[in-house]
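Undergrad: Next input, structure requested:
(2 chains, ligands or ions: 1)
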Amino acid sequence: MTGPDILFGVYCPPHPQPLLSPEASDGYGKLRDAFETCRKRIEESEADLILVYSTTWPSIIGHQIQAHPEPEWVHVDDDFHFLGSMPYKFRMDVEFAEAFRDAAESRGLQSRTVAYDGFPIDTGSVVALKLLNPENRIPACIVSSNMYANRAETIVLGKSARDAIQEQGKKAVVVVVSSLSNRMFTEHIDPTEDGIHSAKDDEWNRKILEFFDDGRLEDLSQLSREIHGQIRVQKVVAYKPAWWMSATMGQHNNYTGEVLAYEALHGSGGAVVMLTPASGSVGDKEFDEDDVEHYHGDRGVLDKGAL
Amino acid sequence: MAKGEIVLGCLAPHPPHVVYAENPEQNEAFSEGGWETLRWGYNRLARKLKTIDYDAMVIFTPHWQTYIGTHFLGLPEFKSKSVDPVFPNIFRFNYDISVDVDLAEKMCKVAGESGIVTKMMRNPDFRIDYGTITSCHMLNPEWDRPLVTISSNRNAHYYSPEVMNEQASALGEACAKAIEESGKKVVLISSHSLSHRHFVTESPLPEDMSREHIYNHSQYVWDMKLVDLMREGKMREVIDIMPEFTEQTIAETEAGGLTWMMAAMGYPDYPAEIYGYQSVIGTGNLIAAWDPMEATREVVL
Ligand SMILES: [Fe+2]
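TA: Take a look at the predicted model:
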């Protein structure tokens, strides 16, 4: 059996500067150029779906999937409202959204599509879709990041996306919207003086980018808990993007990695990375966390005979 | 000019479910009711507010999250639609609100002078968060007073609940000073639940009250501990245990609202008026008010 047709993956930051103020600093401009490179690569590919997982769209009731055929609004960021508004009109693949929901439900996840006029699409998704697919040439799908979901649930969500891509016979580009280190400066800054918040965050970001450059996506997935502890502000329970991206793209290390840019975004680590499936591998590692196919919900401690 | 004053402080939780259950004309979704304990409590507090003379409401909301300082709404009018990103099935509210920009600017200035990082929000496309809308609608369904929304800076995420407590207190003190200088009579609103663990599933009919209960008993016990202290007028103690309460119940107090309001009101040592407690999708929600005027202070529940 051949797997689903995933052409390549893009990992990119959620902050609005590359969209709204690329001229404000060399770094923002480099990130914008890297988005441009990805846009061209998507245009030159045979992609018929852009699937976005956004860390700036939190959900509570399971996993929400955008299914409005043409969501339209003028978005403004909570922190960076002074950089300007982000008018958008996107084209969503409604059939895919429904297939993704069904696939998620059949693997035991709570999931629902959302299709409401004026639904607030998050900053990260708006930035990614406006920069990667400005003409809406390719229909898109966006899935939320559940606040309470941890590793098992996130990996199963990735596998559901994979099921749906395969079932629909799509040629997909997978986009993960997330910072690396996500601690921002807590004061307003001159953009030309932007930099990574701390040397420690910078060192960890560079180590992660070495893995990306080597195409070691599953290794990053396995390192997620460590990454969360080291360089992620504890807003949510875990650093989930690598879990989802690796599960969606096939849980291996066989990619050609390209780090197109790495720059600071108000102190956080912003990187634009492409991962294209390849034949060679850095090697198969031995992993000590169990793989999971189906989500069975939270396990109670007291009712499992642990006492 | 007479000194301005805080005429009432309200703890006003904002699950959009209560607006949904009221079926106001501004909301597109239709319900068969639900969550009466909270709604009737809100209705009672709204009636009390009608007897109070005030110029503006100042609301601190967890759903305008900022990491770079504290932001204040800074344009006189906002008119648009607010769709809840988490519960869009029940909350799609068409709003038309007016803002007391003078008061907002004064609070921003005084807070800035006291060392707090601040910013006025002047983008006309900015969308008002559903926390502000829910709490304000339930307290004043006529929307006949201007308001000021203050964003919640997420110190608890970046540092700890202890730092949140310190910074929210400083902001509360600065806002109280600005209100005094403004000469206005102001109602403060701290918009949030207490314990805040949600169910991650929803019944087919969200207002099916046969499914509604607190997420777990320890959340309930913590919530009741706070209610008891409020009844006894021990608000300093409530704020002192706030870091532990917040961590134990992943409470929405992590945004700093209650600490901000209590600091602004000088940590009341008189009993709070309790208007109702009920769970919404597993979270613990209390409506309470602090009336500085002994003559009008009531034992409600
Ligand atoms: Fe909330």
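Undergrad: So which residues on the stretch 151-300 of chain A come close to chain B?
TA: Neighbours of chain B within the stretch 151-300 of chain A, by C-beta under 8 Å from any C-beta of the partner chain: A:Arg183, A:Met184, A:Phe185, A:Thr186, A:Glu187, A:His188, A:Val233, A:Gln234, A:Lys235, A:His266. Bear in mind the C-beta positions are built from the backbone N, C-alpha and C, glycine included.
Undergrad: what's around the second one, how many residues?
TA: The one in question is A:Met184. One way to gauge burial is a neighbour count; for A:Met184, by other C-beta atoms under 10 Å in any protein chain shown, it gives 21.
Undergrad: Figure out the helix or strand that it lives in.
TA: Under the criterion DSSP states H and E, no helix or strand holds A:Met184.
Undergrad: Residue 86: what's it in contact with?
TA: Here I'm looking at chain A. When the contact criterion is C-beta atoms under 8 Å, 6 or more residues apart in numbering or on different chains, the partners of A:Met86 are A:Pro16, A:Leu19, A:Leu20, A:Val74, A:His75, A:Val76, A:Asp77, A:Thr123, A:Val126, A:Val127, A:Lys130.
Undergrad: Switch to chain B, please.
TA: Counting by C-beta under 8 Å, 6+ apart, B:Val86 touches A:Pro58, A:Ser59, A:Ile60, A:Ile61.
Undergrad: Can you tell me which of the residues you listed is closest to A:Asp194?
TA: Nearest to A:Asp194 among these is A:Pro58, at 25.6 Å by C-beta to C-beta.
Undergrad: How about the closest one: which residues does it bridge to?
TA: With beta bridges defined as DSSP bridges, A:Pro58 has these partners: A:Ser145.
Undergrad: and A:Pro134, what does it touch?
TA: When the contact criterion is C-beta under 8 Å, 6+ apart, the partners of A:Pro134 are A:Arg39.
Undergrad: On the three-state scheme, it is what?
TA: For A:Pro134, the assignment made with DSSP: H, G, I helix; E, B strand; the rest coil gives coil.
Undergrad: where in the chain is pLDDT low?
TA: You didn't pick a chain, so chain A it is. A:1, A:280-288, A:301-307 (pLDDT under 70).
Undergrad: So for stretch A:45-57, what gets flagged as buried?
TA: Neighbour-count burial for stretch A:45-57, counted by 16 or more other C-beta atoms under 10 Å in any protein chain shown, picks out A:Ala47, A:Asp48, A:Leu49, A:Ile50, A:Leu51, A:Val52, A:Tyr53, A:Ser54, A:Thr55, A:Thr56, A:Trp57.
Undergrad: hmm, stretch B:284-296 in reach of chain A?
TA: No - looking at stretch B:284-296 against chain A by C-beta under 8 Å from any C-beta, there are no contacts, and the closest approach is 15.1 Å.
Undergrad: For that stretch, buried residues please.
TA: Within stretch B:284-296, the residues that qualify as buried by neighbour count (16+ other C-beta under 10 Å) are B:Gly284, B:Asn285, B:Leu286, B:Ile287, B:Ala288, B:Ala289, B:Trp290, B:Asp291.
Undergrad: can you map out the strands along the chain?
TA: Unless you meant another one, I'm taking chain A. Counting by DSSP state E, one finds strands in chain A at the ranges A:5-12, A:49-59, A:63-66, A:72-75, A:86-89, A:111-114, A:140-146, A:171-177, A:255-265, A:268-277.
Undergrad: switch to chain B, that's the one I care about
TA: Residue ranges of the strands in chain B, as given by DSSP E, are B:5-11, B:56-66, B:70-73, B:77-83, B:92-98, B:118-121, B:147-153, B:185-190, B:273-280, B:283-290.
Undergrad: Tally up the residues packed near the residue nearest to B:Glu22 when sequence neighbours are not counted, please.
TA: Taking C-beta to C-beta, 6 or more residues apart in numbering or on different chains, and ignoring the residues beside it in sequence, B:Glu22 has B:Arg39 as its nearest neighbour in space, at 6.3 Å. Counted by other C-beta under 10 Å, the residues lying close to B:Arg39 total 20.
Undergrad: For B:Arg39, give me its contacts.
TA: The neighbours of B:Arg39, taking C-beta under 8 Å, 6+ apart as the test, are B:Val18, B:Ala21, B:Glu22, B:Met138.
Undergrad: again, but for A:Asp79
TA: With contact taken as C-beta under 8 Å, 6+ apart, A:Asp79 is in contact with B:Thr66, B:Tyr67, B:Ile68, B:His71.
Undergrad: Any idea what A:Ala264 is bridged to?
TA: For A:Ala264, the beta-bridge partners under DSSP bridges are A:Gly269.
Undergrad: List the contacts of it.
TA: With C-beta under 8 Å, 6+ apart as the criterion, the residues that contact A:Ala264 are A:Gly27, A:Asp194, A:Gly195, A:Ile196, A:His197, A:Gly270.
Undergrad: For burial, what's the neighbour tally of the first one?
TA: Other residues near A:Gly27 number 21, with proximity taken as other C-beta under 10 Å.
Undergrad: For it, list the residues it contacts.
TA: Residues in contact with A:Gly27, defined by C-beta under 8 Å, 6+ apart, are A:Asp194, A:Glu263, A:Ala264, A:Leu265, A:Gly270.
Undergrad: try the second one
TA: For A:Asp194, the contacting residues are A:Ser25, A:Gly27, A:Tyr28, A:Glu263, A:Ala264, A:Leu265, A:His266, A:Gly267, by C-beta under 8 Å, 6+ apart.
Undergrad: near chain A, which residues of chain B?
TA: Counting by C-beta under 8 Å from any C-beta, the residues of chain B lying close to chain A are B:64-69, B:71, B:81, B:83, B:85-89, B:92, B:117, B:119, B:121-123, B:125-127, B:151, B:153-154, B:157-158, B:198, B:200-202, B:281.
Undergrad: can you redo the strands of chain B as JSON lines with distance to B:Met265 and mean pLDDT?
TA: Listed next are those as JSON lines, based on distance: least, C-beta to C-beta, whole Å; pLDDT from 0 to 100:
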{"stretch": "strand B:5-11", "distance to B:Met265": "5", "mean pLDDT": "98"}
{"stretch": "strand B:56-66", "distance to B:Met265": "12", "mean pLDDT": "97"}
{"stretch": "strand B:70-73", "distance to B:Met265": "18", "mean pLDDT": "98"}
{"stretch": "strand B:77-83", "distance to B:Met265": "27", "mean pLDDT": "98"}
{"stretch": "strand B:92-98", "distance to B:Met265": "24", "mean pLDDT": "98"}
{"stretch": "strand B:118-121", "distance to B:Met265": "21", "mean pLDDT": "98"}
{"stretch": "strand B:147-153", "distance to B:Met265": "15", "mean pLDDT": "97"}
{"stretch": "strand B:185-190", "distance to B:Met265": "7", "mean pLDDT": "98"}
{"stretch": "strand B:273-280", "distance to B:Met265": "13", "mean pLDDT": "98"}
{"stretch": "strand B:283-290", "distance to B:Met265": "6", "mean pLDDT": "98"}
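Undergrad: just checking, B:Ala272 touches B:Asp228?
TA: No - assessed by C-beta atoms under 8 Å, B:Ala272 is found out of contact with B:Asp228, at 10.5 Å.
Undergrad: So for those two, which sits in the more crowded spot?
TA: Between B:Ala272 and B:Asp228, counting by other C-beta under 10 Å, B:Ala272 is the more crowded of the two (25 against 11).
Undergrad: mind putting the residues of the stretch 151-300 of chain A next to chain B in TSV, distance to A:Ser246 included?
TA: Below are those laid out as TSV (distance: C-beta to C-beta, whole Å):
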residue	distance to A:Ser246
A:Arg183	24
A:Met184	26
A:Phe185	31
A:Thr186	32
A:Glu187	36
A:His188	36
A:Val233	22
A:Gln234	22
A:Lys235	22
A:His266	28
